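> Curious how this folds, go ahead:
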Amino acid sequence: MKYADFSGLAVNEIQKKIGQLRGEIFEVRMKNSLGQLSNPMEIRSKRRDIARLKTAASSKTGNKPLSKASRADRREAATKANLKSAAKSKAVKG
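The predicted structure follows:
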């Protein structure tokens, strides 16, 4: 399936479709482990369909992945907070 097929669905429909595909992946993996699966590429295609669905859902809800700049800003803020807490702990000990 293509992303265009999923982009028109509502978020709750996307979640239902993800659940269906997870069930199908479970069944396909079981068949694969028993040696009954004729095309093992089905697993990969279903996993990729789930990823496409998750992308469509996140674009609809407005959840965007962090950009590199915002990751760096968060890292810098965490480092500053760690330095402050280390300074406070030294002050308490000394």
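
> Would you map out the domains in the protein?
Residue ranges for the domains of the chain, per automatic domain parsing: 1-63, 66-94.

> any weak-confidence spans in the chain?
Confidence mapping of the chain against pLDDT under 70 gives the ranges 63-71, 90-94.

> correct me, but residue 50 touches residue 21?
Yes: using CB atoms under 8 Å, residue 50 is in contact with residue 21, at 5.1 Å. In short, each C-beta sits where N, CA and C put it, glycine included.

> Check the burial of residue 27 by counting its neighbours.
Counted with other CB atoms under 10 Å, residues neighbouring residue 27 total 13.

> Same check on residue 57?
Residues lying near residue 57 (other CB under 10 Å) number 20.

> Could you pull out the helices in the protein for me?
Taking DSSP state H, the helices of the chain run over residues 3-7, 11-34, 41-61, 68-93.

> so how far is stretch 37-44 off the chain centroid?
Chain-centre distance of stretch 37-44: 22 Å, with CA atoms, centre = their mean, to the nearest Å.

> Now do that stretch: everything it contacts.
By CB atoms under 8 Å, 6 or more residues apart in numbering, the residues outside stretch 37-44 that reach it are 25, 28-29, 31-32.

> With distance to residue 54 and neighbour count added, can I get the residues you listed in CSV?
Below are these laid out as CSV (distance: CB to CB, whole Å; neighbours: other CB atoms under 10 Å):
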residue, distance to residue 54, neighbour count
25, 14, 17
28, 19, 18
29, 19, 15
31, 24, 15
32, 23, 15
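
> Dump the residues you listed to JSON lines, plus distance to residue 77.
Listed next are these as JSON lines, based on distance: CB to CB, whole Å:
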{"residue": "25", "distance to residue 77": "39"}
{"residue": "28", "distance to residue 77": "44"}
{"residue": "29", "distance to residue 77": "42"}
{"residue": "31", "distance to residue 77": "49"}
{"residue": "32", "distance to residue 77": "46"}
